[in-house]
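Structure for this input, please:
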Amino acid sequence: MKTSADLRYIVTGFQPFSTFDTNPSWNAAQALAKALGENARAHLLPVTYTTASQFARAHLQATRYLPLYFIHLGLG
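Below is the predicted model:
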């Protein structure tokens, strides 16, 4: 069984916004996390400018295990 110490990649995507039913960044985040394997997790974030940095900061403060990479995906 994998533990949080094994987590190496955190991939984020965003919720739908405006008139869109889905956000392609979330689909891409899920696909990337799956491709990276058991050491990766995808997280769905609300659509705000500062959400990704706040999420990363909160994760780092909440655990003593650090991922090697945070990968934030979004539309630009």
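
Quick test: name the residue nearest the centre of the chain.
residue 12 (2.1 Å; Cα atoms, centre = their mean).

in a helix, that's where that residue is, yeah?
No. Remark: residue 12 does not belong to a helix; assigned using DSSP: H, G, I helix; E, B strand; the rest coil, it is strand.

Surely it touches residue 29?
Yes. Residue 12 is in contact with residue 29 according to Cβ atoms under 8 Å; the separation is 5.9 Å. (C-beta placed from N, C-alpha, C; glycine too.)

Spell out which residues are contacts of both of these two.
42, 43, 44, 71, 73 (Cβ atoms under 8 Å, 6 or more residues apart in numbering).

Now name the helix or strand holding residue 44.
If you go by DSSP states H and E, residue 44 is part of strand 40-45.

Can I get the helix or strand following that strand in PDB, CA atoms only?
Past strand 40-45, heading to the C-terminal end, the next element that is a helix or strand (DSSP H and E) is helix 51-62. In PDB, the C-alpha atoms belonging to helix 51-62 read as follows (Å, rounded to 0.1, in the frame of the first residue of the first chain):
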ATOM      1  CA  THR A  51      -6.000  28.800  -6.000                       C
ATOM      2  CA  ALA A  52      -3.000  26.800  -7.300                       C
ATOM      3  CA  SER A  53      -0.400  28.500  -5.100                       C
ATOM      4  CA  GLN A  54      -2.700  28.500  -2.100                       C
ATOM      5  CA  PHE A  55      -3.300  24.700  -2.600                       C
ATOM      6  CA  ALA A  56       0.400  24.000  -2.900                       C
ATOM      7  CA  ARG A  57       1.200  26.100   0.200                       C
ATOM      8  CA  ALA A  58      -1.500  24.400   2.300                       C
ATOM      9  CA  HIS A  59      -0.300  20.900   1.200                       C
ATOM     10  CA  LEU A  60       3.300  21.700   2.100                       C
ATOM     11  CA  GLN A  61       2.300  23.000   5.500                       C
ATOM     12  CA  ALA A  62       0.000  20.000   6.200                       C
END
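
Pull stretch 68-76 out as PDB, backbone CA atoms only.
The C-alpha coordinates for stretch 68-76 follow below in PDB (Å, rounded to 0.1, in the frame of the first residue of the first chain):
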ATOM      1  CA  LEU A  68       9.000  16.200  -6.100                       C
ATOM      2  CA  TYR A  69       6.700  18.100  -8.400                       C
ATOM      3  CA  PHE A  70       3.500  20.200  -8.400                       C
ATOM      4  CA  ILE A  71       2.100  20.400 -11.900                       C
ATOM      5  CA  HIS A  72      -0.600  23.000 -12.300                       C
ATOM      6  CA  LEU A  73      -2.600  22.900 -15.600                       C
ATOM      7  CA  GLY A  74      -5.100  25.500 -16.800                       C
ATOM      8  CA  LEU A  75      -6.400  27.400 -19.800                       C
ATOM      9  CA  GLY A  76      -4.600  30.500 -20.700                       C
END
